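**Student:** dropping a prediction and its sequence here:
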Protein chains: 2
Amino acid sequence: MQLLTKKSDYAIRALLSLSKTPEQYVSARDVSGDLNIPYEYLRKILQRLVKDGFVQSKEGGIGGFRLTRTPNEVVIAEIMKIFQGPIQLSQCMFRSQICVNRANCVLRHNIMRIEALVQREFQAMTLAGLLEQMEVAL
Amino acid sequence: MQLLTKKSDYAIRALLSLSKTPEQYVSARDVSGDLNIPYEYLRKILQRLVKDGFVQSKEGGIGGFRLTRTPNEVVIAEIMKIFQGPIQLSQCMFRSQICVNRANCVLRHNIMRIEALVQREFQAMTLAGLLEQMEVAL
DNA sequence: TTAGATTGAGACTAAAATGGTCTCAATTAG
DNA sequence: CTAATTGAGACCATTTTAGTCTCAATCTAA
């Protein structure tokens, strides 16, 4: 059981890396080298981040990727949602079988409470926050 | 992304069901019928709970399963650990690549904090607690 | 203008996790 | 003895996760 998949982890670290040089385009090759992330896989991840508007890309010669937002506008919960989907209950709620017996309701209610808690935490987590912590740690 | 898999969900609901008749052995067949859980699958889950000492089984004629502990001794976190493994970081920490750069450390530190939070919540959740909520709701 | 590096897009693959089934032996109450 | 039960283990299908491969389009610099 892991809250954060490798894909999200890669994405967040790539974004952190890009935030070091805000204006500049950095190639997937460079980011891959820096962070030790499989090149082709990282490319897919960055392409996805382009599609969702978190980064901007430039093809050709000295192309690459750069952030489209300031680090404080990049919420980790949103990144995770892209690559892991929303934090949600075990689908049953959205299907026919709503609360066959009372136990379901109670259990689900409790799980939902915890999921909401997790959601809040990741919602409060931004690139800027992480960057700040990195600076302090230096 | 779901905190609770179907397997854990089934296990917890089965335990809640068994806790209604503490002394009595109830067959997997009956539990399966009650909760609408696939019979063979439930059997596997119950077998596992026997192995881990949460329930006791009796073979033959009017056999079945019953709780070995009182509901307040059954912690949901432990059940989840059995069927989903421990809540843990994306393995990297336990392998060669510890903190290639500072970003890793900071990100991981934050994730670990949230994971610990989740762990605490599930650790505080017991069968007894759920049962109590069910009674109140009646 | 051409070579080289880059991104875009999409198919493809391998391994693990998840959810579930099937079979058969051993046990036991009636 | 029979029927219902658990124990054990193999088996299977689908989904998720992680990653690769190929080729076209774009752009920079020589």
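**Tutor:** Looks like it came in fine.
**Student:** how about chain A: which residue is closest to DNA strand C?
**Tutor:** residue A:57 (3.4 Å; CB to the nearest atom of the strand). For glycine as for every other residue, the C-beta is placed from the backbone atoms N, C-alpha and C.
**Student:** Three-state assignment for that residue, please.
**Tutor:** strand (DSSP: H, G, I helix; E, B strand; the rest coil).
**Student:** from residue A:25, how far off is it?
**Tutor:** Plainly put, residue A:57 is 8 Å away from residue A:25 if you go by CB to CB, to the nearest Å.
**Student:** anything in contact with each of those two?
**Tutor:** Common contact partners of residue A:57 and residue A:25 (CB atoms under 8 Å, 6 or more residues apart in numbering or on different chains): A:63, A:64, A:65.
**Student:** and the first one, how close does it get to residue A:26?
**Tutor:** In other words, residue A:63. From residue A:63 to residue A:26 the distance is 10 Å (CB to CB).
**Student:** neighbour count for the two, which is higher?
**Tutor:** Of the pair residue A:63 and residue A:26, residue A:26 is the one with more neighbours under other CB atoms under 10 Å in any protein chain shown, namely 20 against 12.
**Student:** specify the local secondary structure of the spatially most central residue of chain A.
**Tutor:** Nearest to the geometric centre of chain A sits residue A:79, at 2.4 Å (CA atoms, centre = their mean). Three-state call for residue A:79 (three-state DSSP): helix.
**Student:** what sits against the residue nearest to it when sequence neighbours are not counted?
**Tutor:** Spatial nearest neighbour of residue A:79, chain neighbours left out: residue A:11 (5.4 Å); criterion: CB to CB, 6 or more residues apart in numbering or on different chains. Residues in contact with residue A:11, defined by CB under 8 Å, 6+ apart, are A:45, A:48, A:49, A:79, A:82, A:83.
**Student:** check residue A:14 too.
**Tutor:** Counting by CB under 8 Å, 6+ apart, residue A:14 touches A:31, A:35, A:37, A:42, A:45, A:46, A:49.
**Student:** I figured the last one hits residue A:55, correct?
**Tutor:** Translated: residue A:49. Yes. Counting by CB atoms under 8 Å, residue A:55 is a contact partner of residue A:49 at 4.6 Å.
**Student:** give me the common contacts of the two.
**Tutor:** Counting by CB under 8 Å, 6+ apart, the residues touching both residue A:49 and residue A:55 are A:15, A:65.
**Student:** could you check how far residue A:77 is from chain B?
**Tutor:** For residue A:77, the distance to chain B equals 11 Å [CB to the nearest CB, to the nearest Å].
**Student:** ok, how many other residues are close to that residue?
**Tutor:** Neighbours around residue A:77, by other CB under 10 Å: 18.
**Student:** isn't it up against residue A:126?
**Tutor:** No. Counting by CB under 8 Å, residue A:77 sits too far from residue A:126 to count as a contact (9.3 Å).
**Student:** ok, longest helix in chain A?
**Tutor:** Secondary structure assigned by DSSP state H gives helix A:102-123 as the longest helix of chain A.
**Student:** distance between that helix and the chain's centre?
**Tutor:** 21 Å (CA atoms, centre = their mean, to the nearest Å).
**Student:** what angle separates the helix or strand just after that helix from helix B:102-123?
**Tutor:** Where DSSP states H and E defines the elements, the next helix or strand beyond helix A:102-123 is helix A:127-137. Angle, helix A:127-137 to helix B:102-123, by axes from the mean of the first three to the mean of the last three CA atoms, to 10 degrees: 110 degrees.
**Student:** could I get the contacts of residue A:11 as TSV with pLDDT and distance to residue A:6?
**Tutor:** Formatted as TSV, the contacts of residue A:11 follow (pLDDT from 0 to 100; distance: CB to CB, whole Å):
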residue	pLDDT	distance to residue A:6
A:45	98	10
A:48	98	14
A:49	98	15
A:79	98	13
A:82	97	14
A:83	97	9
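**Student:** PyMOL command for the buried members of those?
**Tutor:** To isolate the buried members of those in PyMOL, using 16 or more other CB atoms under 10 Å in any protein chain shown:
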select buried, chain A and resi 45+49+79+82+83
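**Student:** close to DNA strand D: what parts of chain A are there?
**Tutor:** Contact residues (CB under 7 Å from any atom of the strand) of chain A with DNA strand D: A:5-7, A:10, A:38-41, A:43-44, A:58-63, A:84-85.
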